[in-house]
Structures are given as C-alpha cells and as structure tokens.
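1. After the sequence you'll find the predicted model.
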Amino acid sequence: MAKSGLNQFTVQEATNFDAYSDWNYEEISLTDGTQQTVTNITNSKAAKKVILYDTPGSASSALDAADILSLEINDKTDSEKIIKIDATDMPFTLTGLIITSLKITNSAGGAGNDIAVLSFH
C-alpha cells in the first residue's frame with residue numbers, strides 16, 4: 001500500500017478528503033524577499049487544499065514575471081522538497097496532501113509583491 005497522497009487513506013477517508021469544514025483567507029506581503037509563514041495553517045489546523053493567487057483589488061500587488069515563489073511545505077528543508085513556481089502560474093493550487101505548515105519566499109522581493117492565500121481545512 002502506498003503511503004503518500006490520497007493513497008495513504010482508507011476509502012472513506014479519501015472520500016471525505018474533499019469535504020471541508022472551514023476555510024481561511026490571508027494576504028501576505030513578500031516585499032522584502034524573506035520567508036513568510038502562512039499563519040492560518042498549523043498542526044492543529046491542517047489544510048487539505050490551498051490556493052495562491054495575486055491579491056485582488058489592487059494593480060500594485062501583482063507579481064512580476066521575474067518573480068519566483070518558493071513554497072516550503074510541512075517544514076521541509078532545502079535538501080528536501082521545496083516547490084518553486086513562476087508568478088505567471090497563478091493561481092496555483094496545492095491539494096492531495098495534508099498541509100500542516102506553509103512558508104512562501106519571493107526570490108525577487110520588491111515593493112507591492114503581495115499574495116493571497118485561500119486555505120480549506
């Protein structure tokens with residue numbers, strides 16, 4: 001039996017994986033290029049699905065094509081898995097695993113580089 005993704009669950013748990021009991025919205029400023037933690041995703045409030053997108057309602061918040069976002073999921077280190085996405089890949093959806101922490105870094109940090117995070121728990 002596989003031990004990753006939806007395959008690690010029983011049939012009923014996998015069926016319920018797409019059932020959400022709560023959601024959170026958070027805007028994160030990536031202006032200084034340092035790693036920012038999504039505060040609404042924790043061990044006690046794990047997310048089943050996360051959507052990252054440009055902060056709505058403000059043209060100044062748009063990421064540039066040169067911006068590369070690094071996503072550290074579940075406190076993995078650089079020697080382990082970190083996802084790097086291009087700003088043109090937005091909106092970006094993470095699903096299929098339990099997310100207990102999410103940290104985001106913008107390699108090109110600059111003024112107005114904000115991102116919105118919608119998480120489903």
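-> Yes, it's here.

2. As a check, name the ranges of all helices in the chain.
-> Ranges of helices in the chain, per DSSP state H, are 11-16.

3. isn't Ser70 right up against Lys81?
-> No. Look at Ser70 against Lys81 with Cβ atoms under 8 Å: they stay out of range, at 11.0 Å. Backbone N, C-alpha and C define where each C-beta goes, glycine included.

4. So the two - more neighbours on which side?
-> Ser70 (15 against 11; other Cβ atoms under 10 Å).

5. Any regions of this structure where pLDDT drops low?
-> Scanning the chain for pLDDT under 70 picks out the ranges 1-18, 32, 58-62, 77-80, 109-112.

6. Going along the chain, name the strands of it.
-> Using DSSP state E, the strands of the chain run over residues 23-29, 36-37, 47-54, 68-73, 82-86, 92-99, 102-106, 114-120.

7. what angle sits between the fourth one and strand 114-120?
-> By that I understand strand 68-73. Angle of strand 68-73 versus strand 114-120, following axes from the mean of the first three to the mean of the last three Cα atoms, to 10 degrees, is 30 degrees.

8. and what of the fifth one?
-> Using the same axes, to 10 degrees, the interaxial angle of strand 82-86 with respect to strand 114-120 works out to 120 degrees.
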